[in-house]
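Enquirer: Let me see the structure of the following:
(chains A, B, C and D)
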Protein chains: 2
Amino acid sequence: MKIRVMLVDDDQMITSSLSYILATDSSIEVVTSCSNGREAIDAIKNNPIDVILMDIRMPICDGVSATKKIMSLYPKVKIIILTTFDEDEYVYEALKNGAKGFLLKNVSPDKLIDAIKAVYNGNILIHQDVALKLTSMLQIKKETSWDIYGLNDTEINIMELIAEGLSNKEIADRVYLSEGTVKNKISEILHKLDLRDRTQMAIFYLKGGSK
Amino acid sequence: MKIRVMLVDDDQMITSSLSYILATDSSIEVVTSCSNGREAIDAIKNNPIDVILMDIRMPICDGVSATKKIMSLYPKVKIIILTTFDEDEYVYEALKNGAKGFLLKNVSPDKLIDAIKAVYNGNILIHQDVALKLTSMLQIKKETSWDIYGLNDTEINIMELIAEGLSNKEIADRVYLSEGTVKNKISEILHKLDLRDRTQMAIFYLKGGSK
DNA sequence: TAAGATGAATGACGAAAGTCATTTCTTAGA
DNA sequence: TCTAAGAAATGACTTTCGTCATTCATCTTA
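Expert: As a prediction, the model looks like this:
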């Protein structure tokens, strides 16, 4: 049983070179090529497909929404997103929508074939450079440097507690300051961040420092 | 140049069987075995390591915090987390902390070796079953159904506006209700969600419906 | 049509939250 | 030792929040 692959890219060059590459492996069979997401969704109705190699930026129906649609209709299909360097934002979205692999378009032939097999086996595989960006994205979410807003340690600490939903009294108990002082600190933070109240502050914090 | 691998697991059986498996591949060399995260952090000081296979649940220093620590000290090291079925929560944390691979402990020898190589090459690889849980986790985070908390459309709408940091007056203007009514609605929501104030509500919303 | 449910509004109230001027306490440094 | 700077505290005050009982209007359905 060969792995049945579908290619989706609006650039004819890409699809033909990919199918040329994939033809070299006997366990892979390229079944169809489509030039946009709409076509892909139609084409998959008539063909059972195992793995889709999908461009992320396409006219008519882009890779992210096509992924979403296809995953809802055919959850067993494994979709590998082909991306270039400058399309970070989409990656996270596509992953959420159920894409199973992420490769840069300039991937080497053997790595491409490895990836298809890994994904076919149910793994999620994210290519080196994409992985770098993804982890850095996640890490940015994890720890923002609040120093740049001129916040000191106590202030950051208090902000964290506000983002946990504590009241001033509760915060005061935690940081061993009087409730009044906590209020003052909060006023200070709000000024520095140009925010209005504790709720906006919690939101700001949880979003990693962006309004 | 062989890939230098470190094993970290408190179960002697696991480390010895893993090193037995890995010995079969000529491009991999098991350098050390440690029985907890603390030891691993110490051991890595003396040995240059490429890939770490790390258990997630260990005494003294668990896999997640060890990953965090090691990634901050030696960002080039690739860490593969070994997990069992019932440890979902940790996976997301570990990924955020820079782990590059996720495998179930019962992984087959050849897949284990493939995974080490893939991760060594900079890819992120997440094993089938772990991937399943991870994507379902991400999908849950994507769209929470607030219905289950008994919230109707207006209430959800108001909650969203609170999570944007609006005041009651501002919300009232947006939804064409009086400020008083908005207050009442908010009281209602707080009861249904068992929360205390608007800040906790914003947090709850932004976290996708989990305290 | 009457009874009952539902959604919106009101006003009154207490409790937090946030602001600000001022005072007290600490501590590093002349 | 004295003092100037900074952190913490205080008190007084305004505003906003959140709660609750009650009213009003509308719509359903027995």
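
Enquirer: What separation do you get for A:Tyr92 and chain B?
Expert: 9 Å (CB to the nearest CB, to the nearest Å). For glycine as for every other residue, the C-beta is placed from the backbone atoms N, C-alpha and C.

Enquirer: in the helix or strand where that residue lies, what counts as buried?
Expert: Per DSSP states H and E, A:Tyr92 falls inside helix A:88-96. Residues of helix A:88-96 classed as buried by neighbour count (16 or more other CB atoms under 10 Å in any protein chain shown): A:90-91, A:93-96.

Enquirer: Any chance of these in a markdown table with distance to DNA strand C as columns?
Expert: Converted to a markdown table, the buried residues of helix A:88-96 look like this (distance: CB to the nearest atom of the strand, whole Å):
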| residue | distance to DNA strand C |
| --- | --- |
| A:Tyr90 | 36 |
| A:Val91 | 36 |
| A:Glu93 | 33 |
| A:Ala94 | 38 |
| A:Leu95 | 36 |
| A:Lys96 | 32 |
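
Enquirer: which one of the residues you listed is nearest DNA strand D?
Expert: Closest approach to DNA strand D among the buried residues of helix A:88-96 (CB to the nearest atom of the strand): A:Lys96, at 30.6 Å.

Enquirer: Downstream of the lowest-mean-pLDDT helix or strand in chain A, the next helix or strand is which one?
Expert: In chain A, the helix or strand scored least confidently by mean pLDDT, DSSP states H and E is helix A:128-142, which has a mean of 60. Using DSSP H and E, the next helix or strand after helix A:128-142 towards the C-terminus is helix A:153-162.

Enquirer: quick one: that next one near DNA strand D?
Expert: Yes - Helix A:153-162 lies within reach of DNA strand D by CB under 7 Å from any atom of the strand, at A:Thr154.

Enquirer: Pull the distance from that helix to the chain's centre.
Expert: Chain-centre distance of helix A:153-162: 29 Å, with CA atoms, centre = their mean, to the nearest Å.

Enquirer: And it, what's buried?
Expert: A:155-156, A:158-159, A:161-162.

Enquirer: Residues contacting whichever strand or helix holds A:Leu18, please?
Expert: Assigned by DSSP H and E, A:Leu18 belongs to helix A:12-23. Taking CB atoms under 8 Å, 6 or more residues apart in numbering or on different chains as the criterion, the residues outside helix A:12-23 that touch it are A:5, A:7-9, A:28, A:30, A:33, A:35, A:53, A:55, A:82, A:105, A:109, A:112-113, A:116.

Enquirer: Against DNA strand C, how distant is the residue nearest the centre of chain A?
Expert: Geometric centre of chain A, nearest residue: A:Tyr92, 0.9 Å, by CA atoms, centre = their mean. Computed as CB to the nearest atom of the strand, to the nearest Å, the A:Tyr92 to DNA strand C distance reads 31 Å.

Enquirer: got it, and A:Tyr120?
Expert: Computed with CB to the nearest atom of the strand, the distance linking A:Tyr120 and DNA strand C is 50 Å.

Enquirer: Just give me the neighbour total for that residue.
Expert: By other CB atoms under 10 Å in any protein chain shown, 19 other residues sit near A:Tyr120.

Enquirer: which residues does the nearest residue to it once chain neighbours are set aside bridge with?
Expert: Residue nearest to A:Tyr120 in three dimensions, not counting chain neighbours: A:Ile3, with 5.1 Å by CB to CB, 6 or more residues apart in numbering or on different chains. Beta bridges link A:Ile3 to A:Ile28, judged by DSSP bridges.

Enquirer: Let me see the domain layout of chain A.
Expert: A:3-140, A:146-206 (automatic domain parsing).

Enquirer: Of those domains, which stretch is the most buried?
Expert: Across those, the average number of neighbours (mean count of other CB atoms under 10 Å in any protein chain shown) peaks for domain A:3-140, which reaches a mean of 19.

Enquirer: How far off centre is that domain?
Expert: 14 Å.

Enquirer: Then stretch A:179-188?
Expert: 38 Å.

Enquirer: mean confidence score for that stretch?
Expert: In this model, stretch A:179-188 has an average pLDDT of 93.

Enquirer: And chain B, is that stretch touching that?
Expert: No - using CB under 8 Å from any CB of the partner chain, stretch A:179-188 stays clear of chain B, with a minimum separation of 11.5 Å.

Enquirer: and that stretch with DNA strand D, contact?
Expert: Yes - Stretch A:179-188 lies within reach of DNA strand D by CB under 7 Å from any atom of the strand, at A:180-181, A:183-184.

Enquirer: Looking at these, spot the one nearest A:Asp197.
Expert: Within the residues of stretch A:179-188 next to DNA strand D, proximity to A:Asp197 (CB to CB) peaks at A:Lys183, which comes in at 12.0 Å.

Enquirer: The closest residue to DNA strand D within chain A: which element?
Expert: Using CB to the nearest atom of the strand, the closest approach of chain A to DNA strand D is made by A:Gly180 at 2.4 Å. Assessed by DSSP H and E, A:Gly180 sits inside helix A:179-193.

Enquirer: Pull that helix out as PDB, backbone CA atoms only.
Expert: This file holds the C-alpha atoms of helix A:179-193, laid out as PDB (Å, rounded to 0.1, in the frame of the first residue of the first chain):
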ATOM      1  CA  GLU A 179      -3.300  47.400  51.400                       C
ATOM      2  CA  GLY A 180      -2.700  51.200  50.900                       C
ATOM      3  CA  THR A 181       0.800  50.700  49.600                       C
ATOM      4  CA  VAL A 182      -0.500  48.000  47.200                       C
ATOM      5  CA  LYS A 183      -3.000  50.500  45.900                       C
ATOM      6  CA  ASN A 184      -0.200  53.100  45.400                       C
ATOM      7  CA  LYS A 185       1.900  50.500  43.500                       C
ATOM      8  CA  ILE A 186      -1.000  49.700  41.300                       C
ATOM      9  CA  SER A 187      -1.500  53.300  40.500                       C
ATOM     10  CA  GLU A 188       2.100  53.500  39.600                       C
ATOM     11  CA  ILE A 189       2.000  50.500  37.300                       C
ATOM     12  CA  LEU A 190      -1.200  51.800  35.600                       C
ATOM     13  CA  HIS A 191       0.600  55.000  34.800                       C
ATOM     14  CA  LYS A 192       3.700  53.300  33.500                       C
ATOM     15  CA  LEU A 193       1.600  51.100  31.300                       C
END
